[in-house]
Every structure is written in structure tokens, then in C-alpha cells.
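Student: show me how the following folds:
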Amino acid sequence: MSFLKPKVYMPPAPPPPPPPAKASDEDTQRAVALSEEAAMSERKKRKGRASTVVAGALGAQAEKTGGSGTLLG
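Tutor: From the prediction side, this is the model:
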């Protein structure tokens, strides 16, 4: 019953991509300097935010203060 199934044709594999170009030392140093500068400016922008954060990443972790937790009355 091979006439009911078409023949499977496998296309040839695509050629491998060319290797990436080597980055020069100047480019690497410039990229490092720019990333450090960006990180420093980001830290400067976030300087005043820490005082306004109420809860941490895990949510409010404060212990209950006072009282037994039941309604009185």
C-alpha cells in the first residue's frame, strides 16, 4: 500500500553559520566602560528609593505587635 503514502523527501541540511567576528581589545574595553557607567548611573538614580520601600521581596515580614488577635467585646 505504498501508493497511499507519498515518498518522504528530506531537504539538505542548511550550511552552518559563519563564526562570529573576534572583538578587539578596544571594543571590549569600551563595552566594559559603558556598562560600568550605566550601572553607576542606575545606582545613583535608585539612591533615594530604599527609604520608601515598605516591604521586602518576600512581602511584609514584621511580627504582630500587641494584642491576642481576638475580638474583645
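
Student: which pLDDT value goes with the nearest residue to residue 31 once chain neighbours are set aside?
Tutor: What sits nearest to residue 31 in space, not counting adjacent residues and going by CB to CB, 6 or more residues apart in numbering, is residue 23, at 7.9 Å. The way it works is simple: take the backbone N, C-alpha and C, and place the C-beta from them, glycine included. Residue 23 is assigned a predicted lDDT (pLDDT) of 76.

Student: check the secondary structure at residue 23 for me.
Tutor: coil (DSSP: H, G, I helix; E, B strand; the rest coil).

Student: how much space separates it from residue 34?
Tutor: Using CB to CB, to the nearest Å, residue 23 is found at 13 Å from residue 34.

Student: with residue 41 instead?
Tutor: 11 Å.

Student: count the residues that sit near residue 43.
Tutor: Per other CB atoms under 10 Å, the neighbour tally for residue 43 reads 9.

Student: residue 30 now?
Tutor: Counted by other CB under 10 Å, the residues lying close to residue 30 total 12.

Student: do residue 21 as well
Tutor: Count around residue 21 with other CB under 10 Å applied: 7.

Student: same check on residue 31?
Tutor: 11.

Student: what about it, helix or strand, and which?
Tutor: helix 25-45 (DSSP states H and E).

Student: which outside residues touch that helix?
Tutor: Residues outside helix 25-45 that contact it (CB atoms under 8 Å, 6 or more residues apart in numbering): residue 23.

Student: what comes up buried for it?
Tutor: By neighbour count on 16 or more other CB atoms under 10 Å, the buried set for helix 25-45 is empty.

Student: could you export that helix as CSV, CA atoms only?
Tutor: Extracted C-alpha coordinates of helix 25-45, given in CSV (Å, rounded to 0.1, in the frame of the first residue of the first chain):
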residue,chain,number,x,y,z
ASP,A,25,40.6,44.8,22.9
GLU,A,26,39.5,48.4,22.3
ASP,A,27,35.9,47.3,21.7
THR,A,28,35.9,45.1,24.8
GLN,A,29,37.4,47.9,27.0
ARG,A,30,34.8,50.4,25.6
ALA,A,31,32.0,48.0,26.3
VAL,A,32,33.2,47.4,29.9
ALA,A,33,33.5,51.1,30.5
LEU,A,34,30.0,51.8,29.1
SER,A,35,28.4,49.1,31.2
GLU,A,36,30.1,50.3,34.4
GLU,A,37,29.0,53.8,33.6
ALA,A,38,25.4,52.7,33.0
ALA,A,39,25.4,50.6,36.2
MET,A,40,26.8,53.6,38.2
SER,A,41,24.1,56.0,36.8
GLU,A,42,21.4,53.4,37.6
ARG,A,43,22.7,53.2,41.2
LYS,A,44,22.6,57.0,41.5
LYS,A,45,19.0,57.0,40.3
